[in-house]
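Novice: sequence unknown, structure follows:
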Ligand code: ATP
Ligand code: MG
């Protein structure tokens, strides 16, 4: 694409961001105003005009998935080769690269979760703690202390100053924290914060490494800057040194990670650090209908506190009218999820692809009920952040083989083969064949996992033609840490915290009771405000259909002790609604069929455990793409017209071929 064409898809303010090819630039704007789009086009424009070389750009995003999306957008704009990573991934790559030269010996093993080590540390301190919730709470206190740069001996004071209220006594948390770090060093383990700290330390202590990193990266772009934490900021400052080619974008109203130590102050004070920074504000909302935008403005318009007043980032809708947001109140949880599942079913039947629908909740524990209801209604779904692809034994084994080959210089040995062939060669040793084995069963599922890994190598080779085996292994480790598996197709289930930057045609915000949003342990005014921002993030994920719901009691016929979220009081569409939609209990019971979960592709009942895990029959296609959905709908309509009632349809290779040819 020509550089000028890259600018054509932008409004004047976004264009100003793209044309400011060198930093410092700060974009402050509300949800859906095109911040991410503006920085993507800015990078493409700068590289296409030759102002910057793609390999000198480091774009930092919030999730591995966002990084992947940025890279594929850049590729589509004709600007491949830019490094887009999370802070952790960027740090990990630098560490792995320099480790043999500057430290030597076995690199520490990265731990994805602190829980195991916290449990051991607590035991060493004589604290017999088996409650997973309390262990998780201790782990998040340790994480908070680390990202805000407080050592164990400072923790007690710092925690009380910050108004933290862990469920375990602060003195005990401090002891566990100290022991945790001792055990971690003894076992040569590195947690996520340690990864950033160590990178900063190596860069500070090794001038030649610092020189090399600064030579490599000259232009920095950071998305979601409102949720940067002090440790990440320290790494960014280290990369930059006294240079200022930095472009940040963020929305102070979407700060939702303060409880982990993130702060919007770096965004709000950007012009204090960079006095001649160009500041751009975007107000046009391109994502959502005016109805959704109005609700979003109302939700955040009531935010309290100074920052909220200073940064009233009211959104101006650009899209055409759509349906009014729906508020639904139910008698009990089961009725709520059953009705949501039926509404999803209806949207899909009307032609909305399942991947364009999301059901969002406050805490992951809410996921189980909706998963069950969707299965009952035959609606395919994908749980975000919970794909356990990298825990499958064949995947673990294959990753070990690839890691071993990378260490042994597999690249050099297989010189001339290129990344795709090198990876295939190693995977063939692990059982990958050119064609899948016949039939279903364990062999087929193993083959699919290995084929998915081979596919990832192909994606990477397209993304970055000079990538080698060590890069691929680093990418796999990064994905494993984030549990970012190749996704299946279906309705997205996610916690509100996991939805940053994403959008769907239809969004269901479920469980909006007081005590859930705001969560009951949000006590201080700031904590309650963070919960309000979380609701704002949820509302602004919807392009058109928005459904907000809550249930008054947990069990059918139970005491109606719950209240709707206080944030919903007096919102448009709620006031004036005479009786909130109430679910026909009998209808919702009818939808809750008992029996095995149906295959999300063909609807056949799944009996084998592995198939239930996959959510589909082993001989049904893994990818449920739009063509197949359309064909399925079409087929259902035809058979209904014929008054035939077949129980299921099986997609054989020839059916798929026929669909592909249509
Ligand atoms: P968030 O705060 O949620 O991260 P954002 O500000 O990053 O949102 P984007 O995701 O970049 O917003 O854009 C929101 C949607 O609007 C996307 O679908 C994007 O393609 C579209 N969009 C942004 N700018 C324009 C534009 N100038 N013209 C048409 N569509 C646009
Ligand atoms: Mg964004």
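Specialist: Received it, and whenever you're ready, just let me know what you need. Only a predicted model underlies this, so the values are computations on that prediction, with no experimental measurement involved. Numbering: from 1, shown residues only. Ligands and ions are numbered 1, 2, ... in the order given.
Novice: phi and psi next, for residue 549.
Specialist: Note on residue 549: its backbone torsions stand at phi -140, psi 160 [degrees, to the nearest 10].
Novice: run through the bridge partners of it.
Specialist: residue 328 (DSSP bridges).
Novice: my guess is residue 554 contacts residue 332. True?
Specialist: Yes. The criterion here is C-beta atoms under 8 Å, and residue 554 meets it with residue 332 at 6.4 Å. The way it works is simple: take the backbone N, C-alpha and C, and place the C-beta from them, glycine included.
Novice: neighbour count: the two, which is higher?
Specialist: Each of residue 554 and residue 332 has its neighbours counted (other C-beta atoms under 10 Å); residue 332 has more, 21 against 13.
Novice: now that one, which residues is it bridged with?
Specialist: Counting by DSSP bridges, residue 332 forms beta bridges with residue 553.
Novice: separation between it and residue 552?
Specialist: 7 Å (C-beta to C-beta, to the nearest Å).
Novice: can you check residue 367 too?
Specialist: 21 Å.
Novice: same deal with residue 490?
Specialist: 29 Å.
Novice: can you give me the helices for the stretch 451-600 of the chain?
Specialist: For the stretch 451-600 of the chain, the helices defined by DSSP state H, counting those that start in this stretch occupy 469-482, 525-539, 585-591.
Novice: closest one to ligand 2 among these?
Specialist: helix 525-539 (10.9 Å; C-beta to the ion).
Novice: list the buried residues of the closest one.
Specialist: Buried residues in helix 525-539, counted by 16 or more other C-beta atoms under 10 Å: 526-539.
Novice: those residues: which two are farthest apart?
Specialist: Pairwise distances across the buried residues of helix 525-539 peak at 20.5 Å for 526 and 539 (criterion: C-beta to C-beta).
Novice: tell me the confidence at residue 418?
Specialist: pLDDT, residue 418: 83.
Novice: hang on, residue 140 packs against residue 260?
Specialist: Yes. Residue 140 is within contact range of residue 260, at 6.9 Å (criterion: C-beta under 8 Å).
Novice: what about the two, which has more around it?
Specialist: Each of residue 140 and residue 260 has its neighbours counted (other C-beta under 10 Å); residue 140 has more, 17 against 14.
Novice: least reliable of the helices of the stretch 451-600 of the chain by average pLDDT, please.
Specialist: Sorting the helices of the stretch 451-600 of the chain by mean pLDDT places helix 585-591 lowest, at a mean of 36.
Novice: what does whichever residue of the stretch 351-500 of the chain sits closest to ligand 2 show for phi and psi?
Specialist: The nearest approach of the stretch 351-500 of the chain to ligand 2 comes at residue 500, 7.4 Å away (C-beta to the ion). With angles defined as degrees, to the nearest 10, residue 500 sits at phi -50, psi 130.
Novice: so how many other residues sit close to it?
Specialist: 21.
Novice: how about the nearest residue to it once chain neighbours are set aside, phi and psi?
Specialist: Excluding the flanking residues, the one nearest residue 500 by C-beta to C-beta, 6 or more residues apart in numbering is residue 62, at 5.3 Å. The phi/psi pair for residue 62 (degrees, to the nearest 10) reads phi -80, psi -30.
Novice: what sits against the residue in the stretch 301-450 of the chain positioned nearest to ligand 1?
Specialist: In the stretch 301-450 of the chain, the residue that lies nearest ligand 1 is residue 318 (7.6 Å; C-beta to the nearest ligand atom). The contact partners of residue 318, taken as C-beta atoms under 8 Å, 6 or more residues apart in numbering, are 284, 285, 286.
Novice: again with residue 199
Specialist: Taking C-beta under 8 Å, 6+ apart, we find residue 199 in contact with 91, 94, 95, 235, 238.
Novice: which residues touch the helix or strand hosting residue 238?
Specialist: Using DSSP states H and E, residue 238 sits within helix 230-240. Helix 230-240 is contacted from outside by 58, 60, 87, 91, 146-149, 193, 196-197, 199-200, 203-204, 210, 213-214, 217, 220, 222, 228, 246, 261, 263, 266, using C-beta under 8 Å, 6+ apart.
Novice: for this protein, which element, helix or strand, carries the lowest mean pLDDT?
Specialist: Within the chain, no helix or strand scores below helix 585-591, which has a mean of 36 by mean pLDDT, DSSP states H and E.
Novice: within range of ligand 2, give me the residues from the stretch 401-550 of the chain.
Specialist: By C-beta under 5 Å from the ion, the residues of the stretch 401-550 of the chain that approach ligand 2 are residue 501.
Novice: how about the residues of the stretch 401-550 of the chain near ligand 1?
Specialist: Residues of the stretch 401-550 of the chain lying near ligand 1 by C-beta under 6 Å from any ligand atom: 501, 503, 540.
Novice: cool, the chain as well?
Specialist: That would be 9-11, 14, 29, 31-37, 251, 254, 286-287, 501, 503, 540, which are the residues of the chain within reach of ligand 1 (C-beta under 6 Å from any ligand atom).
Novice: just want the phi and psi numbers for the residue in the chain positioned nearest to ligand 2.
Specialist: Taking C-beta to the ion as the measure, the chain has residue 36 as its residue closest to ligand 2, at 3.3 Å. Per-residue torsions, residue 36: phi -60, psi -40 (degrees, to the nearest 10).
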